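[1] Sharing a model that was predicted from the sequence below.
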Amino acid sequence: MSEADARTPAEIEADIRRRRVLLAETLDEIGVRVHPKTIVGDAKAKATAKVDQTLGRAYVGVNRTLGGVRAKFVDEEGSPRLERIVPVALLAVGVLGLVVVSGRRSGKR
């Protein structure tokens, strides 16, 4: 005699009730997962995580670049390196002067 034949009707009914409860829980979980609010919330969370990751990488890159630039214009003690700052400042003033002069010339035409 097999195990299925040895069960009483009460045991079979209890098994059916237990399986119904498990099935209802599974269906509820599926319903939550496919609900539009859940899908939108998951998409927002993924997008936010991706943006945070991208911003984090950008921050690290910019911070590294600025640190390198700062190291070229400031010594280890934090004092400015005038021998590097003055030529860059003069170059910036010269470029700005050229932009202003060329702007005035093109404005007279």
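    Cool, got the structure.

[2] Now do Val99 against Ala10, distance only.
    Counting by Cβ to Cβ, to the nearest Å, the separation of Val99 from Ala10 is 93 Å. All C-beta atoms are positioned from the backbone trio N, CA, C, and that covers glycine.

[3] again with Gly78
    To Ala10, Gly78 is 84 Å away according to Cβ to Cβ.

[4] Glu76 now?
    According to Cβ to Cβ, Glu76 stands 85 Å off from Ala10.

[5] And for Arg81?
    In this view, Arg81 and Ala10 are 90 Å apart by Cβ to Cβ.

[6] Have a look at the two and say which one is more surrounded.
    Arg81 (12 against 8; other Cβ atoms under 10 Å).

[7] Correct me if wrong: the more buried one contacts Asp75.
    Yes - Arg81 is within contact range of Asp75, at 5.8 Å (criterion: Cβ atoms under 8 Å).

[8] gap between whichever strand or helix holds Leu91 and the chain center?
    Using DSSP states H and E, Leu91 falls within helix 82-108. Centre-to-centre, helix 82-108 and its host chain are 39 Å apart (Cα atoms, centre = their mean, to the nearest Å).
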